[in-house]
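Chemist: Pasting the sequence and the predicted coordinates here, then a few questions.
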Protein chains: 2
Amino acid sequence: LSSLHIRGLSGLPEVRAGDDLAASIVAATGPEPLRDGQVVTIAHKVVSKSEGAMVALSEVQPGARARALAAEQQRDPRAVQVVLDQSAEVLRERNGVLICRTHHGFVCANAGVDASNAPDGNTLIVLPRDPDASARRLRTRLRQLTGAAPAVLISDSFGRAWRHGQCDVAIGCAGLMPLEDWRGRNDSVGRELSATWLAVADAVAAAADLARAKDSREPVAIVTGLERFVSAHDGPGAVALLRPLREDLFR
Amino acid sequence: LSSLHIRGLSGLPEVRAGDDLAASIVAATGPEPLRDGQVVTIAHKVVSKSEGAMVALSEVQPGARARALAAEQQRDPRAVQVVLDQSAEVLRERNGVLICRTHHGFVCANAGVDASNAPDGNTLIVLPRDPDASARRLRTRLRQLTGAAPAVLISDSFGRAWRHGQCDVAIGCAGLMPLEDWRGRNDSVGRELSATWLAVADAVAAAADLARAKDSREPVAIVTGLERFVSAHDGPGAVALLRPLREDLFR
């Protein structure tokens, strides 16, 4: 129970819209087939690509607000329009970055819109429309293909308000308990653990990101040793990780 | 390179002020001795305890501000005074929690002061005074004891502004590259990676936390497979992860 293994999956082919991503993952697992209790972690970009969650810049008409923000930030007004289209609210604008709350409720830079790893210079990859639903679909398909039902986690790299750099967090999951609540339980010497509410799915996302180099095509990593967090039912998904607006102290 | 293994270390004895924590860790490693290139991750509480970074509530005289905040939040005014003593600034107060910037520069709830896992009900554990220095000392001592120089990482569980639950982050490290900067480098299909600046040390902290159950005495986990981030020199430490005040958009 206190040992964890993470394997980056190499050999995944370039993903295109309409591709059967689950089948590609199964093909790439090689001699070690997927098992119940594992967690298949997937960087969202390949999920977005397979779902066609992409926007061609040439088809975007920037509005007045996008043009104004783009002028301030010296960015392509069409790219800014795509960010605004993905956003329910812009929380901050500075240093060439827009900190947005997406329609899903994720707070992140540029609403998760990213040009890196896009198939060509004209296309922006956006977040999947419903990443929890994407995770559930992928899990169902993995089960169809293999008979095993590992949990599925979809991640993105988010910056943090007070710390440099980015960590991967869960934007979608199926079959993985997103949070483990120890609040009110007792610790090993019998006192109450006052504030122990583990963001399991985010920790798994961050861990998986360490098992793959950014310059290789390794969007998928397989985590073994987290059986205690994996369930047959799909569970509440990563949406359970979102702090509701009324509790937001930093809006 | 794309495989990671994390082992929670069991059998660590209860830690007291003045204890040789490195020696306890070495004794607990058992038949698998520490090696160069590994990362020894340690929950800060045992580091704080070994350094005597604890405050006896009975010796605290709460000031006017602590008494006022405690009355609002229905807390022990002495505990609030300890939090204020650890803080350079209180950013937010609500829901019984103070979000503080510590003297080190960490932004977290209650300035990292925690009553859980404290040796008795009268004592609060605070963060080490200089966690990077603690990590360097522990690394030096591990090298003395074993001849190997694994990196050392000291972690704490921090909440996040917009997400439920907590993830472990690095508050101190030695021999571990805290950040990996891919900004401006090219991705696998040759385009620029626009915003890829990995908070390696925070991801390692989060990953290690998955390898131990909160109710067991497993404050230490050994991570293998991150040799590319481990150096002979101690490096800049976790202080490199702190976003400077002038860049803080959410103060």
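Modeler: Everything's here; your move.
Chemist: Can you list the low-confidence ranges for chain A?
Modeler: A:1, A:115-119, A:184-195, A:213-217 (pLDDT under 70).
Chemist: residue nearest the centroid of it?
Modeler: residue A:155 (2.1 Å; Cα atoms, centre = their mean).
Chemist: What are the contacting residues of the helix or strand harbouring residue A:69?
Modeler: When elements are assigned from DSSP states H and E, residue A:69 belongs to helix A:64-73. The contact list for helix A:64-73 (Cβ atoms under 8 Å, 6 or more residues apart in numbering or on different chains) reads A:62, A:75-81, A:84, A:93, A:96-98. For the C-beta atoms, the positions are set from N, CA and C on the backbone; glycine is no exception.
Chemist: Now the top helix by length along chain A: buried residues?
Modeler: As assigned by DSSP state H, the longest helix anywhere in chain A is helix A:131-146. For helix A:131-146, a neighbour-count test (16 or more other Cβ atoms under 10 Å in any protein chain shown) marks A:131-132, A:134-139, A:141-143, A:146 as buried.
Chemist: just stretch A:82-98 next, same as before
Modeler: A:82-84, A:86-87, A:91-92, A:97-98.
Chemist: Could you report the neighbour count for the nearest residue to residue A:21 once chain neighbours are set aside?
Modeler: Spatial nearest neighbour of residue A:21, excluding adjacent residues (Cβ to Cβ, 6 or more residues apart in numbering or on different chains): residue A:50 at 4.3 Å. Neighbour count of residue A:50, defined by other Cβ atoms under 10 Å in any protein chain shown: 21.
Chemist: Would you check that residue A:50 makes contact with residue A:16?
Modeler: Yes: assessed by Cβ atoms under 8 Å, residue A:50 is found in contact with residue A:16 at 7.5 Å.
Chemist: returning to what we had before: columns distance to chain B on top of the contacts of helix A:64-73, output as CSV?
Modeler: Listed next are these as CSV, based on distance: Cβ to the nearest Cβ, whole Å:
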residue, distance to chain B
A:62, 19
A:75, 11
A:76, 12
A:77, 17
A:78, 15
A:79, 10
A:80, 14
A:81, 17
A:84, 18
A:93, 9
A:96, 10
A:97, 8
A:98, 11
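Chemist: Strands - which of those residues land there?
Modeler: If you go by DSSP state E, these have A:93, A:97-98 in strands.
Chemist: Can you lay out these as CSV showing distance to residue A:224?
Modeler: Putting these into CSV (distance: Cβ to Cβ, whole Å) gives the following:
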residue, distance to residue A:224
A:93, 42
A:97, 36
A:98, 38
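Chemist: wait, which of those residues is closest to residue A:5?
Modeler: Nearest to residue A:5 among those, counting by Cβ to Cβ, is residue A:97 at 35.6 Å.
Chemist: Was I right to think residue A:5 contacts residue B:7?
Modeler: No: using Cβ under 8 Å as the test, residue A:5 is too far from residue B:7 to be in contact (9.7 Å).
Chemist: between those two, which one's more packed in?
Modeler: residue B:7 (22 against 19).
Chemist: Surely the more buried one is in contact with residue A:2?
Modeler: Yes: with contacts counted by Cβ under 8 Å, residue B:7 reaches residue A:2, the gap being 6.9 Å.
Chemist: Overlap in contacts, the two.
Modeler: Joint contacts of residue B:7 and residue A:2 (Cβ under 8 Å, 6+ apart) are B:211, B:221.
Chemist: Tell me how many other residues crowd residue A:23.
Modeler: What residue A:23 shows, counting by other Cβ under 10 Å, is a neighbour count of 13.
Chemist: Look up how far residue A:31 lies from it.
Modeler: According to Cβ to Cβ, to the nearest Å, residue A:23 stands 17 Å off from residue A:31.
Chemist: try residue A:234
Modeler: In terms of Cβ to Cβ, residue A:234 sits 28 Å off from residue A:31.
Chemist: Same check on residue A:77?
Modeler: 50 Å.
Chemist: With respect to residue B:43, which of the ones in strands among the contacts of helix A:64-73 is nearest?
Modeler: residue A:97 (32.7 Å).
Chemist: which ones are touching the closest one?
Modeler: A:73, A:109-110.
Chemist: so residue A:55 is in which element?
Modeler: With DSSP H and E as the test, residue A:55 turns up in strand A:54-56.
Chemist: is chain B contacted by that strand?
Modeler: No: using Cβ under 8 Å from any Cβ of the partner chain, strand A:54-56 never reaches chain B; the gap is at least 14.3 Å.
Chemist: ok, so what distance separates the residue lying closest to the residue nearest to the centre of chain A once chain neighbours are set aside from residue A:169?
Modeler: Spatially, and ignoring its direct neighbours in sequence, residue A:155 is nearest to residue A:205 (3.9 Å; Cβ to Cβ, 6+ apart). As defined by Cβ to Cβ, residue A:205 lies at a distance of 5 Å from residue A:169.
Chemist: Neighbour count: the two, which is higher?
Modeler: residue A:205 (34 against 27).
Chemist: can you pull the contacts of the more buried one?
Modeler: A:41, A:153, A:155, A:167-170.
Chemist: Show me how far stretch A:148-159 is from its chain's centre.
Modeler: Taking the mean of its C-alpha atoms, stretch A:148-159 sits 6 Å from the chain's own mean (Cα atoms, centre = their mean, to the nearest Å).
Chemist: Stretch A:227-239 too?
Modeler: For stretch A:227-239, the distance to the chain centre is 15 Å (Cα atoms, centre = their mean).
Chemist: Could you do stretch A:233-241 as well?
Modeler: 13 Å.
Chemist: Can you tell me the SS state at residue A:207?
Modeler: Secondary structure for residue A:207, judged by DSSP: H, G, I helix; E, B strand; the rest coil, is helix.
Chemist: for it, what are its contacts?
Modeler: A:4, A:6, A:223, B:4, B:6, B:203, B:206-207, B:210.
Chemist: is it true that residue A:182 touches residue A:198?
Modeler: Yes: under the criterion of Cβ under 8 Å, residue A:182 makes contact with residue A:198 at 7.0 Å.
Chemist: Between the two, tell me which one has more neighbours.
Modeler: Shown here are residue A:182 and residue A:198; by other Cβ under 10 Å, residue A:198 has more neighbours (23 against 18).
Chemist: Now do the contacts for that one.
Modeler: A:179-182, B:157, B:165-167, B:209, B:214.
Chemist: Isn't residue A:4 up against residue B:206?
Modeler: No: judged on Cβ under 8 Å, residue A:4 makes no contact with residue B:206 at a distance of 11.5 Å.
Chemist: Can you pick out the residue with more neighbours from these two?
Modeler: Neighbours per residue, other Cβ under 10 Å: of residue A:4 and residue B:206, the larger number sits with residue B:206, 32 against 23.
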